[in-house]
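In: Sequence and predicted structure, then a few things I'm wondering about:
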Amino acid sequence: MSKLQPLKQFMVTTWIPIRIGSLDLSLTNSAAFMLLAVALILVGMFLGLRRPQIIPTPWQAIAEYPLAAIETMVKETNGPEGRPFVGLLASVFLFIFMGNLLGLFPFAFTFTSQLIVNFTLAFALLAVMTVYGLVQHGWAFLRLFMPKGIPWWIAPILVPVELISYLSRPISLSIRLFSNMVAGHSMLKIFAFFTGSMGIFGGLLPLGVNVGLMGFELFVAFLQAYVFTLLTCIYINDALHVH
């Protein structure tokens, strides 16, 4: 009987070793599924939007829905000034959602379960927001850490607190996504192990639990991508409207 190793599915392994001197450019399972996610998104969008119609086809409606939903989110959160970020936020949502979704297939790899992947994405978004804020508002962007009307003598306390809060955003975004993916997929692995090890009749209960968990994980796959995008949208508001 195989041992229960629910965390083994999150191990990064090399599929195609590629080395250029001391530089390691090997293709790992994580990188491969990231490329697959991007390819599926591009193909899906191309097939859905290549011949747009006034009355959309089912495939066109599927392709347009996330774009329309993100655009509505941006309008409600950021106003018309946030429109340039619709494409970026839609790409973020689709990338995370596709990564979460692919991880539910047998023998697939969930790259959103990797903390470094989530942090890199969140940090890149923070960098974009910061640069945009500085370009748009100049040094006035620093009022984000010391709003108008605050007594100057509070600055030594308020500025470090606000700065730490601002820089911790990528950490909170990445840990939230990472923890949900690891916990959910570990539970699926555990109940799948019990289903196979408890025999035909004994495995019916864990099988039923696993079916329910699969449905729940589908919801979580969408929810976590949505929450990541929504929080990013809220953070972008600081770059657009400096108080």
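Out: Sure thing, it's come through.
In: could you dump the helix or strand where Val43 lies to CSV, C-alpha only?
Out: Secondary structure from DSSP states H and E places Val43 in helix 29-49. Presented in CSV, the C-alpha positions along helix 29-49 are these (Å, rounded to 0.1, in the frame of the first residue of the first chain):
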residue,chain,number,x,y,z
ASN,A,29,6.3,21.2,-14.1
SER,A,30,5.4,24.6,-12.6
ALA,A,31,6.6,26.5,-15.6
ALA,A,32,5.0,24.0,-18.0
PHE,A,33,1.6,24.4,-16.5
MET,A,34,2.0,28.2,-16.4
LEU,A,35,2.7,28.1,-20.2
LEU,A,36,-0.3,25.8,-20.6
ALA,A,37,-2.5,28.1,-18.7
VAL,A,38,-1.5,31.1,-20.8
ALA,A,39,-1.9,29.1,-24.0
LEU,A,40,-5.4,27.9,-23.1
ILE,A,41,-6.4,31.5,-22.2
LEU,A,42,-5.1,32.9,-25.5
VAL,A,43,-6.7,30.1,-27.6
GLY,A,44,-10.0,30.5,-25.7
MET,A,45,-10.0,34.3,-26.2
PHE,A,46,-9.1,34.0,-29.9
LEU,A,47,-11.8,31.4,-30.6
GLY,A,48,-14.4,33.4,-28.7
LEU,A,49,-13.6,36.9,-30.0
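In: So which bits of that helix are buried?
Out: By 16 or more other C-beta atoms under 10 Å, the buried positions in helix 29-49 come out as 29-31, 33-34, 36-37, 41, 45, 48. Placement of C-beta: from N, CA and C, glycine included.
In: next helix or strand past that helix?
Out: helix 58-78.
In: so that following helix versus helix 29-49, what angle?
Out: Comparing the axes of helix 58-78 and helix 29-49 via axes from the mean of the first three to the mean of the last three C-alpha atoms, to 10 degrees yields an angle of 110 degrees.
In: Would you mind listing the outside residues contacting helix 58-78?
Out: Residues outside helix 58-78 that contact it (C-beta atoms under 8 Å, 6 or more residues apart in numbering): 44-45, 47-49, 52-53, 56, 82-83, 85-86, 89-90, 93-94, 229-230, 233-234, 236-237, 240-241.
In: angle of the helix or strand just after that helix against helix 58-78?
Out: Downstream of helix 58-78, the first helix or strand assigned by DSSP H and E is helix 86-102. If you take the same axes, to 10 degrees, helix 86-102 sits at 120 degrees to helix 58-78.
In: Buried residues in the lengthiest helix in the chain, which are they?
Out: Criterion DSSP state H: the longest helix present in the chain is helix 204-240. Buried residues in helix 204-240, counted by 16+ other C-beta under 10 Å: 206-207, 209-210, 213, 217, 220-221, 224-229, 231-233, 235-240.
In: how close does the residue of the chain most remote from its centre get to Met146?
Out: Distance from the centre of the chain peaks at Trp153, with 39.4 Å (C-alpha atoms, centre = their mean). According to C-beta to C-beta, to the nearest Å, Trp153 stands 12 Å off from Met146.
In: Could you check how far Tyr235 is from Ile171?
Out: 13 Å.
In: Go ahead and flag the most central residue of the chain.
Out: Ile96 (3.7 Å).
In: and that one, what is it in contact with?
Out: Contacts of Ile96 (C-beta under 8 Å, 6+ apart): 112, 121, 177, 224-225, 228-229.
In: quick one, what contacts the residue nearest to it when sequence neighbours are not counted?
Out: Computed as C-beta to C-beta, 6 or more residues apart in numbering, the closest residue to Ile96 that is not its neighbour in sequence is Ala225, at 4.1 Å. Residues near Ala225 by C-beta under 8 Å, 6+ apart: 93-94, 96-97, 100.
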